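Chemist: just coords:
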């Protein structure tokens with residue numbers, strides 16, 4: 001249990017997808033103009049990461065890694081399907097995003113309209129694919145650890161986009177020099193927030 005909490009907290013504050021790896025920056029910058037839309041997209045990302053990472057973990061463990069098919073037949077022990085990782089991971093992500101899109105369109109049409117094209121673009125959000133690839137690289141011991149990492153990564157991304165959205169709403173009418181308005185000040189604030197998050201790297205969890 002302690003290890004799961006450690007993975008969860010670390011994926012939020014230390015290995016943050018936005019501030020540590022700068023993954024998912026496109027939707028992060030485009031949708032963070034208001035807190036309302038940021039919360040909607042952030043929750044969708046948490047859901048997609050929380051589902052796709054453990055699903056991809058099981059697929060990777062029981063189908064893709066060298067020797068994974070031995071449970072089907074001893075003759076398949078030498079089969080290596082790891083070259084299919086990218087294709088299968090993206091297929092799983094696309095399926096989950098489609099599910100999220102249908103749910104939001106059904107129960108929150110106003111939010112669905114506000115998010116526009118950025119909702120289906122979660123399927124190509126590099127933070128989502130990055131979560132599965134990091135999971136594969138780190139070789140978590142079980143599906144619980146993979147799930148903890150996926151949820152933590154989603155929560156970290158959620159906090160990042162909601163945080164920058166709240167700041168952008170407040171500074172929209174502040175006295176900011178012309179050349180820095182819009183994305184200029186957003187990049188500066190993101191860099192400063194990234195430095196703050198990266199300062200946690202020395203913490204031993």
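Modeler: Received the coordinates, thanks. Because the structure is a prediction, the values reported are computed rather than measured. Numbering: from 1, shown residues only.
Chemist: same for the lengthiest helix in the chain, what does it pack against?
Modeler: Counting residues, the longest helix in the chain under DSSP state H turns out to be helix 143-171. For helix 143-171, the packing partners by 3 or more C-beta pairs under 8 Å, 6 or more residues apart in numbering; DSSP states H and E come out as helix 2-13, helix 25-31, helix 35-59, helix 126-138, helix 183-198. (Glycine included, C-beta is placed from N, CA and C.)
Chemist: Kindly reformat those as JSON lines containing distance to residue 149, mean neighbour count and mean pLDDT.
Modeler: Formatted as JSON lines, the helices and strands packed on helix 143-171 follow (distance: least, C-beta to C-beta, whole Å; neighbours: other C-beta atoms under 10 Å; pLDDT from 0 to 100):
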{"stretch": "helix 2-13", "distance to residue 149": "5", "mean neighbour count": "18", "mean pLDDT": "89"}
{"stretch": "helix 25-31", "distance to residue 149": "20", "mean neighbour count": "19", "mean pLDDT": "85"}
{"stretch": "helix 35-59", "distance to residue 149": "6", "mean neighbour count": "22", "mean pLDDT": "91"}
{"stretch": "helix 126-138", "distance to residue 149": "6", "mean neighbour count": "20", "mean pLDDT": "92"}
{"stretch": "helix 183-198", "distance to residue 149": "17", "mean neighbour count": "15", "mean pLDDT": "79"}
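Chemist: could those go into JSON lines alongside distance to residue 162?
Modeler: Output for those, formatted as JSON lines (distance: least, C-beta to C-beta, whole Å):
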{"stretch": "helix 2-13", "distance to residue 162": "13"}
{"stretch": "helix 25-31", "distance to residue 162": "11"}
{"stretch": "helix 35-59", "distance to residue 162": "5"}
{"stretch": "helix 126-138", "distance to residue 162": "15"}
{"stretch": "helix 183-198", "distance to residue 162": "12"}
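Chemist: out of the ones you listed, nearest to residue 154?
Modeler: helix 35-59 (3.4 Å; C-beta to C-beta).
Chemist: And that closest one, what does it pack against?
Modeler: By 3+ C-beta pairs under 8 Å, 6+ apart, helix 35-59 packs against helix 25-31, helix 85-107, helix 109-115, helix 126-138, helix 143-171.
Chemist: and the ones you listed, which one is worst for confidence?
Modeler: The minimum mean pLDDT among those belongs to helix 109-115 (a mean of 81).
Chemist: Okay, buried residues for it please.
Modeler: 111, 112, 114, 115 (16 or more other C-beta atoms under 10 Å).
Chemist: Quickly name whichever of these is closest to residue 26.
Modeler: residue 115 (13.4 Å).
Chemist: wouldn't that closest one be in contact with residue 108 here?
Modeler: No - at 9.4 Å, residue 115 does not count as touching residue 108 under the criterion of C-beta atoms under 8 Å.
Chemist: Give the residues shared as contacts by these two.
Modeler: residue 40 (C-beta atoms under 8 Å, 6 or more residues apart in numbering).
Chemist: Look up how far residue 84 lies from the residue nearest to residue 12 when sequence neighbours are not counted.
Modeler: Leaving aside its sequence neighbours, residue 12 sits nearest to residue 156 (C-beta to C-beta, 6 or more residues apart in numbering; 4.1 Å). The spacing between residue 156 and residue 84, counted by C-beta to C-beta, to the nearest Å, is 28 Å.
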